[in-house]
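**Student:** model the following, please.
(one chain, ligands or ions: 2)
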Amino acid sequence: MGFLDGKKALIVGVANNKSIAYGIAKQMQAQGAEIALTFQGEKLKSRVEKIAEELGTSIVLPLDVTSDEEITAVFTEIEKVWGGLDILVHSVAFAPREELEGRMIDASTRQGFAIAHDISAYSLTALTKGGYELLKKNKGAVMTVSYLGAERAVPNYNVMGIAKASLEATVRYLAADLGQDGIRVNAVSAGPIRTLAAAGIKDFRSMLEKAALATPLRQNVTIEEVGNTAAFLCSDLASGITGEVTYVDGGYNITAST
Ligand SMILES: NC(=O)c1ccc[n+]([C@@H]2O[C@H](COP(=O)([O-])OP(=O)(O)OC[C@H]3O[C@@H](n4cnc5c(N)ncnc54)[C@H](O)[C@@H]3O)[C@@H](O)[C@H]2O)c1
Ligand SMILES: Cc1c(CN(C)C(=O)CCc2cnc3c(c2)CCC(=O)N3)oc2ccccc12
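**Tutor:** Ligands and ions are numbered 1, 2, ... in the order given. Sure thing, here's the model as predicted:
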């Protein structure tokens, strides 16, 4: 019996079994939570349905976070099957690939900035708005996934860092507004992990290796470690924590390494 027994968790952002959202879903399920998943686009449907089966759930819903209609449809379905929501996990980001190489001043475009902020930051507000009544009913918790690039100028992360800064400020504003409804809002800030979103990044492998050597714990973090912290922060054990960004990065962010 786990510390999430009886909790109902909607996880947005599973693409495959390397996803950070998958690590979060797996650890929450291991602590007794009931899981619902969403998938982005038909091509991810079958893979996410297989993962849902593994996690013992049949609630698998289509969701593109740029569509307010799809967001509404997801929570209408959650209302029908669950009648409330204890945990909402947002593990979604995207910027046009060409934004993530070279100097920010050269790579940044008006459209790329808008896309990155819509998908990687505004979508947290949009999902929380969509799930608000259900979260309020169960005094639920909201969780998102950030990165060091929100606070430091990480080479090549560019507009994604600016979007993550917006995401982390969103965590604070939502926490401030929703605390009176008993809804807590937090973020985990994960160290670099080899996922689909990381696959498209130049020199990601060498960045991972360098990070591991420069990290106090001398190793990269895993999606299970990020999942454990997310599960804790969404549980009653973290009832006194809201508006916080918790690093799960082996201590990398506290060092002076370049
Ligand atoms: N991998 C890392 O090194 C790392 C480190 C810190 C934070 N993060 C963050 O973790 C989160 C998850 O990324 P990941 O590394 O697990 O990669 P991933 O590719 O497995 O997950 C990204 C998810 O975002 C979804 N997504 C993108 N655009 C969407 C849209 N318009 N509508 C709905 N879903 C959409 C994708 O379908 C995918 O499921 C992201 O917020 C990312 O910024 C990743
Ligand atoms: C770490 C790290 C990451 C992983 N991370 C924290 C991320 O947040 C990745 C987010 C991401 C957003 N949009 C896209 C891609 C990844 C690649 C494919 C694509 O077309 N668009 O990405 C980097 C980019 C540059 C430098 C470091 C990093």
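**Student:** ligand 2 contacts on the protein?
**Tutor:** 93-95, 97, 100, 147, 154, 156-157, 160, 192, 197-198, 200-201 (Cβ under 6 Å from any ligand atom). (C-beta placed from N, C-alpha, C; glycine too.)
**Student:** how about the strands in the stretch 51-200 of the chain?
**Tutor:** 60-62, 87-90, 141-146, 184-190 (DSSP state E, counting those that start in this stretch).
**Student:** if we can go back for a sec, near ligand 1, from the residues of the chain next to ligand 2?
**Tutor:** A93, F94, Y147, P192, A197, A198.
**Student:** sorry, back to before: dump the strands of the stretch 51-200 of the chain to CSV, plus mean neighbour count.
**Tutor:** Formatted as CSV, the strands of the stretch 51-200 of the chain follow (neighbours: other Cβ atoms under 10 Å):
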stretch, mean neighbour count
strand 60-62, 18
strand 87-90, 28
strand 141-146, 26
strand 184-190, 26
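**Student:** buried ones only from the ones next to ligand 1 among the residues of the chain next to ligand 2, please, as a ChimeraX command.
**Tutor:** Of these, the buried ones can be selected in ChimeraX as follows, counting by 16 or more other Cβ atoms under 10 Å:
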select :93,94,147,192,197
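**Student:** max pairwise distance over the ones next to ligand 1 among the residues of the chain next to ligand 2: which two?
**Tutor:** Taking Cβ to Cβ, the two most distant members of those are F94 and P192; they sit 17.1 Å apart.
**Student:** most centrally placed residue in this structure?
**Tutor:** In the chain, the residue lying closest to the centroid (Cα atoms, centre = their mean) is S91, at 2.3 Å.
**Student:** residue contacts, the closest residue to that residue other than its chain neighbours?
**Tutor:** When the adjacent residues along the chain are set aside, S91 lies closest to G13, with 3.2 Å between them (Cβ to Cβ, 6 or more residues apart in numbering). Going by Cβ atoms under 8 Å, 6 or more residues apart in numbering, G13 touches S19, I20, A21, T38, V89, H90, S91, V92, V145.
**Student:** can you lay out these as TSV showing pLDDT?
**Tutor:** TSV is the format used below for the contacts of G13 (pLDDT from 0 to 100):
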residue	pLDDT
S19	98
I20	98
A21	98
T38	98
V89	99
H90	99
S91	99
V92	98
V145	99
